[in-house]
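S.K.: what shape does this take:
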Amino acid sequence: MQKSIITTLIATALFSTAPTFAAEKTNMMIMDAWVRAAPPSAKVQAAFFTVMNHSNKPIVITDVEAQGFGRSELHLSGKKDGMMTMQKQQQVTIPANAVFQFKPGSYHVMLLEPNQIAAPGELVNVSFTLLNGEKFSTQMPVKRDNSKTKMDHSKMDHSKMDHANMKHN
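M.R.: Next up is the predicted model:
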């Protein structure tokens, strides 16, 4: 009984910390990351997250890769003439001192050609390449719905980061 409680606590700790990643060189942070669950027969999945750019310069994401998927692409969804559209993006610019959301119906990462569709509870390792050549990775939990699971930022040390001038997209 005690062993299962400890296992549950460790799993909870892993899932609560997995969606946050800070890239030291670029002074940015990825948080609230998740991959939308899909049926086992699906051919794609989508990843969503929030980027905080704490620098005075824009950050440009030029490439994305996800473990277990043949290819991954930056995409933008929208509406044109009453129809939903989705366009591949060569790059996405995160403005200086801004919070930028990759969210359903907007910017997101398409995960294509899966070896196997990632199931709820699994973690997908996603790697990003920036225009300056820097690369970093984060793990994104697979979830059925993200609307009820927001990350608690109250215990995070943001003391070195100035949020006064942050803009939200």
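
S.K.: the helix or strand where Val99 lies - contacts with which helices or strands?
M.R.: Taking DSSP states H and E as the definition, Val99 sits inside strand 98-102. Packed against strand 98-102, as judged by 3 or more C-beta pairs under 8 Å, 6 or more residues apart in numbering; DSSP states H and E, are the following elements: strand 44-53, strand 92-94, strand 107-114, strand 167-168. Heads up, the C-betas are built off the backbone N, CA and C, glycines and all.

S.K.: nearest approach to Ile61 belongs to which of those?
M.R.: Closest to Ile61 of the helices and strands packed on strand 98-102 is strand 92-94 (C-beta to C-beta; 4.9 Å).

S.K.: hmm, who's touching that closest one?
M.R.: Met28, Val51, Asn53, Pro58, Ile59, Val60, Ile61, Leu74, Phe100, Phe102, Tyr107 (C-beta atoms under 8 Å, 6 or more residues apart in numbering).

S.K.: all strands for this structure, in order.
M.R.: All strands of the chain, identified by DSSP state E, fall at 21-23, 28-36, 44-53, 59-66, 69-80, 83-89, 92-94, 98-102, 107-114, 123-130, 135-143, 167-168.

S.K.: mind checking the pLDDT average for the first one?
M.R.: For strand 21-23, the mean pLDDT works out to 53.

S.K.: kindly reformat the strands of the chain as TSV containing mean neighbour count.
M.R.: Shown next, in TSV, are the strands of the chain (neighbours: other C-beta atoms under 10 Å):
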stretch	mean neighbour count
strand 21-23	19
strand 28-36	22
strand 44-53	21
strand 59-66	19
strand 69-80	15
strand 83-89	10
strand 92-94	19
strand 98-102	20
strand 107-114	20
strand 123-130	19
strand 135-143	19
strand 167-168	10
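
S.K.: least reliable of these going by mean pLDDT?
M.R.: Of all the strands of the chain, the segment with the smallest mean pLDDT is strand 21-23, scoring a mean of 53.

S.K.: that older thread, okay, now the sheet partners of the strand holding Val99, with direction.
M.R.: Here strand 98-102 has these sheet partners by DSSP bridges: strand 44-53 (antiparallel), strand 167-168 (parallel).
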